[in-house]
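S.K.: Predicted model and sequence below, questions to follow.
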Amino acid sequence: MERINIAILGLGTVGSGVVKGFEKHRSKMENTIGKEIAISRILVQNLHKKRNVSIPIDLLTTSIEDIFAQPDLSIVIEAMGGLAPTYDYVKRAIEHGCHVITANKALIANYGSELTQLAHDKGVHFLFEASVGAAIPVIHSLQHFLCVNDVKKIYGIINGTTNYILTNMLEQENSFENILSEAQDLGYAETDPTADVDGYDALYKLAILSKLCFDITPDLSLIPRQGIRDVTLEELKLAKQLGYSLKLIATAENVNQQVSLRVSPMLIPTDHPLANVNGVLNAVSVESDLAGELTFFGSGAGEFPTGSAVLGDLFYLLRNINSIPQTTVRSLPCEPKYSEQSSLTRLIFLRVPEKEATVQFTKLLQVLKKKKVTILEATQQAASEGFAAIGIKVQSLHADTVEEIQLHTNCPLSIRTLLVSQEEPVLAAV
Ligand SMILES: NC(=O)c1ccc[n+]([C@@H]2O[C@H](COP(=O)([O-])OP(=O)(O)OC[C@H]3O[C@@H](n4cnc5c(N)ncnc54)[C@H](OP(=O)(O)O)[C@@H]3O)[C@@H](O)[C@H]2O)c1
């Protein structure tokens, strides 16, 4: 029987999930394609490391030359992570005539267009379903099932670590620092949490989704990005009291072929599907002209959820190995737009002693009116434990106005963007 040889680069969380899932489902794949499929070599850094997957030791190597020296190597699965030396290895694999599957969001966000083009030129497949949302089948859906649609907006919770932290700060009534440390102990956050808590991981995934939805390759350094380090427990509780969840949201929206991109903590009304995506779970919503609004929801990380996406790509590839890979072309050319819009809808919210509430509320409204800020909605909530909650939903808020508001209040206030479409009409001026 003809044999298909696969090499895996990396045997950590993802690589182990791929090997275990492959062994479990191998015969199904072999029976479907009528060929033997074998993992013929695995690249690692340390040959003597204790592994949580049983693998013959002679399958492991620390030399990339051993990988490419194999006769009849057809497929390379990259599960190493990082950019160097990974980019060189992946490029070399494609040039070698191998189909490549990767889970590496940093690689795709930085070199996805170049590698996709190279793969196209070489007539090999380059697949990366696991790079966004792990088990959630969003990439394949955008490339195939939604490819005829014009996408208006894509947004979601695409970083499990930050979602775990925000959810547990509120549930356990604890600080950012303490819940981050708990997430590190549980293996949900890295020792250096920068990529997650400062929004870089979500930024990479947003860039990948934007390429698929709008055929743009945004400059990562120009996309407005804000992480969750400054979110406080008090702010989360106050937002909840006013009817919102605060989540780290990545969003890309097309308005007149200009795609506004952004990663930041955003307020979501508690009846919105994303408001109840908690813990390490991820969710991605897509708004498009024919399909309407779709929300994908599930496990965005972990050995088996990520292994599922990689193996889904593998099975797809095995069934289409002789077809010429096609790139999806979107109908109207779009451009990325990086500037922060003052037109975003924001909520100014604060907690004030009950006896000062009416005075503070009136003062704030006066400042906003004087500065010609569009007020969409203003609420003063009944007091609890001697404090009242004030929430004022506004548009066209400029930095100088923020400074003036702060001068006129003696309580710390929060200003966060609301997750609404930029074309959503003004509801009611107060
Ligand atoms: N973890 C997840 O849930 C998840 C989800 C979606 C996507 N991803 C992506 O998947 C990729 C892998 O993540 P992971 O969590 O599996 O990482 P990991 O647990 O740190 O594993 C990395 C593996 O790559 C090997 N490796 C690293 N650098 C190498 C080098 N220079 N030469 C040879 N081998 C090298 C390591 O070898 P040793 O074992 O010998 O040290 C290890 O086996 C990343 O791009 C990540 O963003 C991860």
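M.R.: Received the coordinates, thanks. Just so you know, these numbers come straight off a predicted model, no measurement behind them.
S.K.: how about the residues of the protein near the ligand?
M.R.: Counting by C-beta under 6 Å from any ligand atom, the chain comes close to the ligand at 10-15, 43-46, 49, 79-81, 85, 103-105, 130, 134, 301-302, 306. All C-beta atoms are positioned from the backbone trio N, CA, C, and that covers glycine.
S.K.: In helices, which of the residues you listed appear?
M.R.: 13-15, 105, 306 (DSSP state H).
S.K.: still on that earlier bit, quick one: buried ones out of the residues of the chain next to the ligand?
M.R.: Neighbour counting over the residues of the chain next to the ligand (16 or more other C-beta atoms under 10 Å) leaves 10-15, 43-44, 79-81, 103-105, 130, 134, 301-302, 306 as the buried ones.
S.K.: For the stretch 251-400 of the chain, which residue gets nearest to the ligand?
M.R.: residue 301 (3.4 Å; C-beta to the nearest ligand atom).
S.K.: Please verify my assumption that that residue contacts residue 160.
M.R.: Yes. With contact defined as C-beta atoms under 8 Å, residue 301 counts as touching residue 160 (4.9 Å).
S.K.: Find residues that contact each of the two.
M.R.: Shared contacts of residue 301 and residue 160, defined by C-beta atoms under 8 Å, 6 or more residues apart in numbering, comprise 280, 282.
S.K.: sorry, back to before: of the ones in helices among the residues of the chain next to the ligand, which pair is most distant in space?
M.R.: Across these, no pair lies farther apart than 15 and 105, at 15.9 Å, counting by C-beta to C-beta.
S.K.: picking that back up, got a pLDDT number for the residue of the stretch 251-400 of the chain closest to the ligand?
M.R.: For residue 301, the model assigns a pLDDT of 92.
S.K.: Contact partners for it?
M.R.: Taking C-beta under 8 Å, 6+ apart, we find residue 301 in contact with 134, 160, 280, 282.
S.K.: Kindly indicate which of those residues lies nearest residue 385.
M.R.: The nearest member of the contacts of residue 301 to residue 385, counting by C-beta to C-beta, is residue 280 at 31.8 Å.
S.K.: for that closest one, what are its contacts?
M.R.: Residue 280 neighbours (C-beta under 8 Å, 6+ apart): 160-161, 163-164, 188, 299-302.
S.K.: just residue 272 next, same as before
M.R.: Contacts of residue 272 (C-beta under 8 Å, 6+ apart): residue 419.
S.K.: Hmm, residue 344 is touching residue 417, no?
M.R.: Yes. When contacts are counted by C-beta under 8 Å, residue 344 is listed as touching residue 417 (5.1 Å).
S.K.: For the two, indicate the residue with more neighbours.
M.R.: Higher neighbour count among residue 344 and residue 417: residue 417, with 21 against 18, using other C-beta atoms under 10 Å.
S.K.: The more buried one belongs to a strand?
M.R.: Yes. Residue state for residue 417 (DSSP: H, G, I helix; E, B strand; the rest coil) corresponds to a strand.
S.K.: Looking at it now. What's its pLDDT?
M.R.: For residue 417, pLDDT reads 95.
S.K.: Export the contacts of residue 301 as JSON lines, with columns for secondary structure and pLDDT.
M.R.: Converted to JSON lines, these look like this (DSSP: H, G, I helix; E, B strand; the rest coil; pLDDT from 0 to 100):
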{"residue": "134", "secondary structure": "coil", "pLDDT": "94"}
{"residue": "160", "secondary structure": "helix", "pLDDT": "95"}
{"residue": "280", "secondary structure": "coil", "pLDDT": "94"}
{"residue": "282", "secondary structure": "strand", "pLDDT": "97"}
